[in-house]
Structure formats: C-alpha cells, structure tokens
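A.B. asks: output the structure for:
(one chain, ligands or ions: 2)
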Amino acid sequence: MIALARPQYGEENPNAWKPAGPGDLRGPCPMMNTLANHGFIQRDGRNITRETAIAGLNAGLNFAESLATIMFDQALVANPEPNSTFFTLDMLNRHNVLEHDASLSRADSIFASPSNVNTSTANAFNATVFAETTSYWTSDTLTPLMLANSKLARQITSRKENPEYAFSTTTEEFSLGEVAAPIIAFGSLEDGTVSRELVTYFFENERLPEELGWTKKNQSIALTEITGVTTIIRAATNLFTGGAANGTSAHTGAKRSLH
Ligand code: HEM
Ligand code: MG
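C.D. replies: Numbering: from 1, shown residues only. Ligands and ions are numbered 1, 2, ... in the order given. So this is what the prediction gives:
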C-alpha cells in the first residue's frame, strides 16, 4: 500500500511538459499550446473559460488578472456560438477571425489544402516558414529591429505567394502584439531585447524554456507592459530612416547591434 501511495513518474510536477496526445486540440498560438503542454490550461485544449485562462496565464507567465481578462474576452469571438463562455485551442484556427496570414511560424491557411479549409495542419508549427523568420534573427540577442524585420518579411512573402493575402489594420494590432509576446514572456520589457535561444526553443518545442534557465518573471505583467513593448515593436517596423520612430534609436539599441 505504501508503494502505491508513492507518486508515479511525472506526478511530482503537475506542470511538467508533455506534448499533445491523440485527441488533444492545439492551434495557431504557440503560447496557448505551450500552456496546455504544461497543464497550466487544460492539456486537452478544450473548454478554456475566463477562469481557467486567468489562472493559467498567471501561473505560467505571471500575467495579471486584468490583462488575462482582456485577452480572454478578445478571444471569445473564436467560438462560433454566440454568447459562449469558452473557446478551444482549435477554434483559434478559424481563418481571419483571430488567426491571420503572414505568421512567424505557421504557413498561411490557403496553403493547408487544395480546398482551403481551416484545418489544424495549417496552423501547426512549420519549419520552412520559421526558417524564413529566423533568417532575420541575426544575433544571439534579438533586437526589436530583427523581430520587426521578420514580421515585415513574412508579410511581403505572403503578399507575393498568397493570392488571398489579407492583413487589415486590426490584424496589424494583433500581429504587433504577437511579435512583442516573446519579449514579454522571455525578454527585457525595458529595451525589447530577448535571447534568440529562448525564443527559438519556445517556438520549436511549444515548451517553456526552463531547461535553458528561464524562469517566470517576478513582475506581474499588465496591459501597460504589453503596450510598452508593442510600442517599441511598432516603431521598429517603420521602414524610414533618420529618426527615433524607425526603431533604430539608442533607446532600443537596435541599430548598434545590427550593424
Ligand atoms: C499567435 C491567440 C496568448 C504568443 C496567436 C494566434 C492566435 C492567438 C489566434 C494566431 C495568429 C496568427 O495567425 O499568427 C491567443 C489567445 C491568447 C494568447 C486567445 C490568450 C487568451 C498569448 C500569450 C503569448 C502569445 C500570453 C505570449 C506571451 C503568441 C505568438 C504568436 C501568437 C508569439 C505568433 C505566432 C506566429 O506568428 O507564428 N495567438 N494568444 N499568445 N501568440 Fe497567442
Ligand atoms: Mg496565421
């Protein structure tokens, strides 16, 4: 009886990483997939409610309840049922609802299948796409300029190759937030830099980079922090030269490290 009471392998840490198994749902967001792989949200990717999103984003990343609430409320539109109270990770795959073209690590949904259906495959990690992205990540420490360059390049590639390429002003706001997201989770909120190793490990494994020494921020992350980093990224996407607005100011340190 004593032997039976001992914890089995993996039970010591309820947030141990485990990839999705058969029947588990995943989607286009590498972080929501990651939080599911760690059990910070449901491992099966189903029934994500306001309560579970708040708890998971807090436990996994130290997001404030106020921020997690905003993100959850924005995401509910992914559920096709009106007035629903949850979403599943594969609902996030619905094209041009939240999911959009020119992602950093996913192919455009038009390339998923000849019939252009919204399959999960379209939104699984794609090594070819991610290789294009990382070709702009030219030093061990990623700067806002490198991250912005990869975002812009993905848009130009999509516009060239995808006859149905769509990217609205709303998409741009989400996209800027997504480019800022790895900095928020793994990098410096002050200057917008982040370790390339941590970010690539995260994208490739959908796993928090704990074995590389990363730990969750002590600082609670609220909307102010998101806005701050997003502003840095927005400035860095400006293609003009000759002013702070192009993201090459000393503030970001971006110019120095790219040249
Ligand atoms: C992408 C949803 C939280 C990081 C996406 C996409 C969706 C989404 C629908 C796909 C957009 C596309 O087509 O590229 C959500 C929801 C969240 C959430 C519903 C919470 C309620 C987070 C958090 C982070 C994060 C907390 C990290 C701090 C990312 C990144 C991408 C992304 C980096 C871009 C992936 C790429 O371009 O390949 N998210 N997300 N997300 N998300 Fe999330
Ligand atoms: Mg996409």
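A.B. asks: residue numbers of the protein in contact with ligand 1?
C.D. replies: Applying C-beta under 6 Å from any ligand atom, we find that the chain lies next to ligand 1 at 28-32, 53, 57, 61, 71-72, 75, 92, 98-100, 103-106, 178, 181-182, 184-185. Just so you know, the C-beta spots here come from the backbone N, C-alpha and C atoms, and that holds for glycine as well.
A.B. asks: next, the buried residues of stretch 213-221.
C.D. replies: For stretch 213-221, burial by neighbour count (16 or more other C-beta atoms under 10 Å) applies to 214, 216, 217, 221.
A.B. asks: list the contacts of it.
C.D. replies: Under the criterion C-beta atoms under 8 Å, 6 or more residues apart in numbering, residues 60, 61, 62, 63, 64, 67, 184, 186, 189, 198, 208, 225 lie in contact with stretch 213-221.
A.B. asks: what's the span of that stretch from first residue to last?
C.D. replies: With C-alpha to C-alpha, to the nearest Å as the measure, stretch 213-221 spans 20 Å from end to end.
A.B. asks: which residues of the stretch 151-259 of the chain fall in strands?
C.D. replies: For the stretch 151-259 of the chain, the strands defined by DSSP state E, counting those that start in this stretch cover 194-195.
A.B. asks: near ligand 2 too, which of the residues of the chain next to ligand 1?
C.D. replies: 99, 103, 106 (C-beta under 5 Å from the ion).
A.B. asks: residues from this structure in reach of ligand 2?
C.D. replies: Checking the chain against ligand 2 by C-beta under 5 Å from the ion, the hits are 99, 103, 106.
A.B. asks: touching, the first one and residue 123? I think so.
C.D. replies: Okay, so that is residue 99. Yes - between residue 99 and residue 123 there is a contact at 6.2 Å, judged by C-beta atoms under 8 Å.
A.B. asks: need the overlap of contacts for those two.
C.D. replies: Shared contacts of residue 99 and residue 123, counting by C-beta under 8 Å, 6+ apart, come down to 27, 28, 92, 93, 109.
A.B. asks: okay, now the unreliable bits of the stretch 1-150 of the chain?
C.D. replies: The stretch 1-150 of the chain contains residues with pLDDT under 70 at 1-11, 113-121.
A.B. asks: let's see it at 90
C.D. replies: The model of the stretch 1-150 of the chain has pLDDT under 90 over residues 1-12, 112-122.
A.B. asks: all the helices of it, in order from the start?
C.D. replies: Secondary structure of the stretch 1-150 of the chain by DSSP state H, counting those that start in this stretch: the helices cover 2-5, 30-37, 50-61, 65-75, 127-134, 144-161.
A.B. asks: now do the buried residues in stretch 224-236.
C.D. replies: 225, 226, 229, 230, 232, 233, 234, 235, 236.
A.B. asks: centre of the chain to it, how far?
C.D. replies: Computed by C-alpha atoms, centre = their mean, to the nearest Å, the chain-centroid distance of stretch 224-236 equals 15 Å.
A.B. asks: for ligand 2, give me its nearest residue in the stretch 51-200 of the chain.
C.D. replies: Of all residues in the stretch 51-200 of the chain, the one sitting closest to ligand 2 is residue 103 (3.4 Å; C-beta to the ion).
A.B. asks: ok, that residue to residue 237 distance?
C.D. replies: To residue 237, residue 103 is 16 Å away according to C-beta to C-beta, to the nearest Å.
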